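[1] predicted model and sequence below, questions to follow.
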Amino acid sequence: MIRLKPSQGYPMPRHLHSGPGYLLQGLQLMTHPRLRWFVLGPLLINLLLFIGLSWLAVTQFGQLLDSLMARIPEALRFLAWIFWILFAAFLLLVYGYSFAIVGNLLASPFYGPLAERAEEVLSGRVNDTSMTTQQLLALAGRAMQRELIKMGYFLPRIVGVLLLTLVLSLIPVVNLIGPAIAFLWGAWSLALQYLDYPADNHQMDFRNLRETMAKRRLVSLSFGGSVLIATTIPLFNLFAMPASVIGASSFWLERIDKPAPQSN
């Protein structure tokens, strides 16, 4: 049973009612007494993941850099820095996106309850019943199944985007739009990823969520783009993921879960 307590709802200032604003609000609420313990687990998982992926990315990038430098003719060495800037930008997008995918898969059992608790804090609607251990395990199992469904949607499209950007990278001038395509896809997929947690709590399936977000494409892309940028920033990306879950809950309450107008 849900009990409404309007006075306990967390205010959502008008200037935050934008894609980046939801992420900022999520960062502000991470230390809220009712949320901090749900944030701690994902933070520890993300820390271990960050150390492992950062070591792998730096090692592989260093080896690839040495190999490519040896292949560039001496006369064209002065153009090398342009390719490194583009490659570094693309690498950051891939790093941020892969970090988010793996981190979300491992931390998904925490994010459903975090989204539910964040919604309570934001709206003032408090759940009177506490969940048993069996219910928590069932929720964790459902979250993992939901992640696999999303992976089935994301992975083929990731391959398609990578192939497209690789083909475009071979065409002079046109290759400049490759990172833009990768960024837009990453923004859309991350918006879907995090809004799926409140959607799952409200029994909205993944297909209906995509259709709902397509009607709010601009704000969805701005939210997902903010998350993508945040995940490419070392150390800050540790906090960006749980903050994105909280921000997605705010997005859900304001943009999707509005009460229907009553007919006369």
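    On my side now, so go ahead. Please read all numbers here as calculations on a predicted model, not as lab measurements.
[2] which stretches in the stretch 51-200 of the chain count as helices?
    Here the stretch 51-200 of the chain has its helices, by DSSP state H, counting those that start in this stretch, at 80-123, 133-169, 178-201.
[3] where's the residue most central in space within the chain relative to E254, distance?
    Closest to where the C-alpha atoms of the chain average out (CA atoms, centre = their mean) is L190, at 3.8 Å. Counting by CB to CB, to the nearest Å, the gap from L190 to E254 is 19 Å. (Glycine included, C-beta is placed from N, CA and C.)
[4] likewise for H32?
    18 Å.
[5] hang on, the earlier thing: just the helices of the stretch 51-200 of the chain: most buried one?
    helix 178-201 (a mean of 22; mean count of other CB atoms under 10 Å).
[6] pLDDT wise, what is L76 at?
    pLDDT for L76: 62.
[7] I meant T231, not that one.
    pLDDT at T231 comes out at 82.
[8] ok, now how distant is it from R142?
    In terms of CB to CB, T231 sits 25 Å off from R142.
[9] pLDDT weak spots in this structure?
    Along the chain, the model assigns pLDDT under 70 to residues 1-17, 57, 61-62, 65, 68-69, 72, 74-101, 126-141, 258-264.
[10] give me that answer again for 90
    1-20, 30-117, 120-183, 186, 200-203, 205, 228-241, 255-264 (pLDDT under 90).
[11] ok now stretch 229-237, how far from the chain's centre?
    11 Å (CA atoms, centre = their mean, to the nearest Å).
[12] same check, this time on stretch 196-205
    Using CA atoms, centre = their mean, the distance from the centre of stretch 196-205 to the centre of the chain it belongs to is 15 Å.
[13] mind starting the numbering at 8 from now?
    With the count now opening at 8, the last piece we talked about shows up as stretch 203-212.
[14] what's the end-to-end length of that stretch?
    8 Å (CA to CA, to the nearest Å).
[15] state the distance from P179 to V252.
    Counting by CB to CB - P179 and V252 are separated by 42 Å.
[16] which residue of those two possesses the greater neighbour count?
    More crowded of P179 and V252, by other CB atoms under 10 Å: V252, with 30 against 7.
[17] format the CA atom coordinates belonging to whichever strand or helix holds the more buried one as PDB.
    Using DSSP states H and E, V252 sits in helix 243-258. Only the C-alpha atoms of helix 243-258 are listed here, as PDB (Å, rounded to 0.1, in the frame of the first residue of the first chain):
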ATOM      1  CA  PHE A 243      33.600  11.100 -11.800                       C
ATOM      2  CA  ASN A 244      32.100   8.200 -13.800                       C
ATOM      3  CA  LEU A 245      32.000   6.200 -10.500                       C
ATOM      4  CA  PHE A 246      29.300   8.500  -9.200                       C
ATOM      5  CA  ALA A 247      27.600   9.200 -12.500                       C
ATOM      6  CA  MET A 248      25.900   5.800 -12.800                       C
ATOM      7  CA  PRO A 249      23.900   5.800  -9.500                       C
ATOM      8  CA  ALA A 250      23.300   9.500 -10.000                       C
ATOM      9  CA  SER A 251      21.800   8.700 -13.400                       C
ATOM     10  CA  VAL A 252      19.400   6.200 -11.800                       C
ATOM     11  CA  ILE A 253      18.200   8.900  -9.400                       C
ATOM     12  CA  GLY A 254      18.000  11.400 -12.300                       C
ATOM     13  CA  ALA A 255      16.000   9.000 -14.400                       C
ATOM     14  CA  SER A 256      13.500   8.600 -11.500                       C
ATOM     15  CA  SER A 257      13.000  12.400 -11.500                       C
ATOM     16  CA  PHE A 258      12.600  12.300 -15.300                       C
END
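[18] buried ones in it?
    Using 16 or more other CB atoms under 10 Å as the test for burial, helix 243-258 gives 244-258.
[19] and those, which two are furthest apart?
    The span of the buried residues of helix 243-258, defined through CB to CB, is set by L245 and F258 at 21.3 Å.
[20] what sits against the closest residue to A206 other than its chain neighbours?
    Excluding the flanking residues, the one nearest A206 by CB to CB, 6 or more residues apart in numbering is L216, at 4.5 Å. With contact taken as CB atoms under 8 Å, 6 or more residues apart in numbering, L216 is in contact with L199, L202, D203, A206.
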